[in-house]
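S.K.: next input, structure requested:
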Amino acid sequence: MTQADILVLGASGKVGRLMRARWADAGVATLWQGRRMGAAPGWVDWAPGRRLPQARVVVVLSGVTAGDTAVLAENTRIGRDVAQAAADAGAACVLLASTMAVYGRTPDGGATEGTAPDRPNAYGRSKLEMEQAMAAALAGSNTGLCALRIGNVAGADLLGDRVAQGLPITLDRFAGGVGPIRSYAGPGLLVRVVQGLARRVIAGERLPSVLNVAGQRPLGMDALLAAAGLRFGWQDAGPQAVPCISMDCRPLAALVAPDAAAETAAGVAAEWLGAAA
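M.R.: Numbering: from 1, shown residues only. Below is the predicted model of the structure:
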């Protein structure tokens, strides 16, 4: 297959592997690409400078998640390369997997898509620069851009890394005895969002330039670990620890119907463990 409804770039990374484990045939033809190309049908070989396979929607999971400023700057180059290739291939829209980290500290009630960044870390800054570079590269083309600012992805965040490596987990404990609270996205939610947004694009709709992607309510990390049946310890939160980082995801709910049961701690834990297995 050389053309599809959806083309997912970077599908062999952590988030891509979790999403593929939850992917089901939903009436959208899908192609996958990654550094370690799969042997199964539906995988394509692509590198910058070559023409992308034809697809209505290009999903960009590719990117650098750690390193110094110079290493993280690679995200901007990746973004420009993909944007140019998607426009040249005639894609209708690019869905960029960005991150909640672009906001840094978030206000009470959660960051909206219009919230100004507040001291984001180096990774968050690099993804914001990636968003801006792709928007500039696609300006004036027939290819739209929707930057998906995704919350903590269960199974692909620091908790997931420690669990996968069999390392002990210690959570910060804040005033009142509560642990860190974050906006979370399970692998199944990401699949529902990508497929749901792709259907809207295929139907001729134009997506917003930025969209927060996570469950409608943030989750406590302690509740998520308890629901997953995983042990953890506590430590007193230091002065730099942030009790809550969250987003307002109501605009997402207007485009892709939430699954209330899947967005609870139990539901997210089940998606995480099921996909990881």
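S.K.: which stretches of the stretch 151-277 of the chain form helices?
M.R.: Assigned by DSSP state H, counting those that start in this stretch, the stretch 151-277 of the chain shows helices spanning 158-164, 187-202, 221-227, 250-255, 265-276.
S.K.: these: which one's closest to Gly233?
M.R.: In terms of CB to CB, the element of the helices of the stretch 151-277 of the chain nearest to Gly233 is helix 221-227, at 10.5 Å. From N, CA and C alone the C-beta is placed, and that goes for glycine too.
S.K.: just the residues contacting that closest one, thanks.
M.R.: For helix 221-227, contacts defined as CB atoms under 8 Å, 6 or more residues apart in numbering pick out 154, 159, 169, 171, 178-182, 184, 231-232, 264-266, 268-270.
S.K.: separate out the buried members of those residues.
M.R.: The neighbour count (16 or more other CB atoms under 10 Å) marks 154, 159, 171, 178-182, 184, 232, 264-265, 268-270 as buried among those.
S.K.: identify the farthest-apart pair in those residues.
M.R.: Val178 and Ala270 (23.0 Å).
S.K.: host element of the residue nearest to Ala66 when sequence neighbours are not counted?
M.R.: Computed as CB to CB, 6 or more residues apart in numbering, the closest residue to Ala66 that is not its neighbour in sequence is Tyr123, at 7.0 Å. Tyr123 is part of helix 122-138 when elements are defined by DSSP states H and E.
S.K.: from the contact counts, what lies against that helix?
M.R.: Here helix 122-138 touches helix 69-72, helix 74-88, strand 93-99, strand 144-150, going by 3 or more CB pairs under 8 Å, 6 or more residues apart in numbering; DSSP states H and E.
S.K.: can you lay out these as CSV showing distance to Ala253?
M.R.: Shown next, in CSV, are these (distance: least, CB to CB, whole Å):
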stretch, distance to Ala253
helix 69-72, 31
helix 74-88, 27
strand 93-99, 17
strand 144-150, 14
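S.K.: quick one: closest of these to Gly109.
M.R.: Closest approach to Gly109 among the helices and strands packed on helix 122-138 (CB to CB): strand 144-150, 15.8 Å.
S.K.: what sits up against that closest one?
M.R.: Strand 144-150 has contacts (CB under 8 Å, 6+ apart) with 83, 92-100, 102-103, 113, 131, 134-135, 138, 185, 190, 193, 197, 201, 206-214, 247.
S.K.: ok, Val28 to Val194 distance?
M.R.: The spacing between Val28 and Val194, counted by CB to CB, to the nearest Å, is 9 Å.
S.K.: where does pLDDT dip in the chain?
M.R.: For the chain, the stretches with pLDDT under 70 are 1-2, 36-40.
S.K.: residue with max distance from the center of it?
M.R.: Distance from the C-alpha centroid of the chain, by CA atoms, centre = their mean, peaks at Gly176 (30.8 Å).
S.K.: that residue and Ala237: what is the separation?
M.R.: According to CB to CB, Gly176 and Ala237 sit 11 Å apart.
S.K.: again, but for Met100
M.R.: According to CB to CB, Met100 and Ala237 sit 20 Å apart.
S.K.: how about Pro208?
M.R.: Using CB to CB, Pro208 is found at 35 Å from Ala237.
S.K.: what does Ala86 give?
M.R.: Distance of Ala86 to Ala237, given as CB to CB: 43 Å.
S.K.: the two - which one has more neighbours?
M.R.: Using other CB atoms under 10 Å, the more surrounded residue of Ala86 and Ala237 is Ala86, with 27 against 17.
S.K.: Thr143 is in contact with the more buried one, correct?
M.R.: Yes - Ala86 is in contact with Thr143 according to CB atoms under 8 Å; the separation is 5.3 Å.
S.K.: quickly list what's touching both of those two.
M.R.: Contact with both Ala86 and Thr143 is made by residues Val94, according to CB under 8 Å, 6+ apart.
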